[in-house]
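Participant: Okay, structure incoming, though there's no sequence with it:
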């Protein structure tokens with residue numbers, strides 16, 4: 001069905017494109033008075049309003065020739081380039097191919113910038129002031145949209161300047177995260193946990209990090225937590241970096257620590273995606289960016 005629709009749209013686009021040129025030529029043909037040897041000048045149509053007569057002045061020949069030429073150019077473009085639906089065109093041009101060529105040219109341009117850092121470990125890159133500046137620019141261009149220009153994040157986007165990491169804050173883990181991306185899922189439990197039970201769990205979870213809570217609901221909330229939540233967050237609720245399950249005892253929250261937000265997360269789940277950068281950035285750029293991000297939370301590393 002999808003192939004049929006795709007082919008149908010291709011035909012429709014081709015008909016509209018060619019029909020537009022055909023209409024323009026037809027319109028010129030119907031106004032071809034100078035081809036028929038009609039007299040030039042101020043021939044009247046016979047229509048007069050308020051003493052003003054309507055003249056039937058032929059269209060200038062240069063104007064007609066110009067539009068015929070434009071129609072020829074339009075037809076040439078349609079057949080040389082992919083302008084007629086799915087027809088690839090005789091030139092072989094595609095926008096995707098152009099993007100690839102431009103990207104390849106861009107990589108050649110920036111290659112000298114990273115050559116001096118080839119083979120340098122991330123530990124050493126962290127201490128290099130020039131590498132730090134390059135990493136900062138990469139971060140501002142590619143990461144600040146989500147994590148903020150100060151890298152302190154915002155709701156649903158983690159703070160990269162503290163030592164709280166969902167998957168781990170070691171350089172090799174950060175490198176993998178930037179390269180391959182992450183897809184974090186908190187499964188919705190609304191089908192298994194009713195609203196009242198979710199409220200109990202929320203109070204228990206808030207008690208783990210010292211937030212205000214209803215102490216009378218904590219024991220029941222702990223029972224439900226042990227039934228449904230320990231598989232990911234652990235019996236001590238300190239999370240599981242292999243799964244990206246957050247620590248619920250440190251009072252650091254990716255979304256919100258409010259009871260309503262926690263209840264909503266339990267019932268409806270959450271999903272977060274860190275897009276992979278391997279198709280956007282080069283391996284050298286990713287290493288430079290890894291060093292910069294690691295330096296944000298690695299207070300022992302000093303840029304020299």
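Facilitator: That came through fine. The structure presented is a predicted model; accordingly, all values stated were derived computationally and were not measured.

Participant: List the buried residues of stretch 242-260.
Facilitator: Applying a neighbour-count criterion of 16 or more other CB atoms under 10 Å, the buried positions in stretch 242-260 are 244-250, 253-255, 257, 259. For glycine as for every other residue, the C-beta is placed from the backbone atoms N, C-alpha and C.

Participant: May I have the secondary structure class of residue 271?
Facilitator: Three-state call for residue 271 (DSSP: H, G, I helix; E, B strand; the rest coil): strand.

Participant: JSON lines please, covering the buried residues of stretch 242-260 and showing secondary structure.
Facilitator: Compiled in JSON lines, those are given as follows (three-state DSSP):
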{"residue": "244", "secondary structure": "coil"}
{"residue": "245", "secondary structure": "strand"}
{"residue": "246", "secondary structure": "coil"}
{"residue": "247", "secondary structure": "coil"}
{"residue": "248", "secondary structure": "coil"}
{"residue": "249", "secondary structure": "coil"}
{"residue": "250", "secondary structure": "coil"}
{"residue": "253", "secondary structure": "coil"}
{"residue": "254", "secondary structure": "coil"}
{"residue": "255", "secondary structure": "coil"}
{"residue": "257", "secondary structure": "coil"}
{"residue": "259", "secondary structure": "helix"}
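
Participant: now this structure, which segments are flagged as low pLDDT?
Facilitator: Applying pLDDT under 70 to the predicted model, the residue ranges of the chain that meet it are 1-5, 33-43, 299-304.

Participant: which residues of it fall in strands?
Facilitator: Counting by DSSP state E, the chain has these strands, from start to end: 44-49, 52-55, 182-186, 270-274.

Participant: Would you tell me which of those gets closest to residue 240?
Facilitator: Judged by CB to CB, the one of those that comes nearest to residue 240 is strand 182-186, at 11.7 Å.

Participant: can you give me phi and psi for the residue lying farthest from the centre of the chain?
Facilitator: Relative to the C-alpha centroid of the chain, counting by CA atoms, centre = their mean, residue 51 is the outermost residue, at 64.4 Å. The phi/psi pair for residue 51 (degrees, to the nearest 10) reads phi 80, psi 0.
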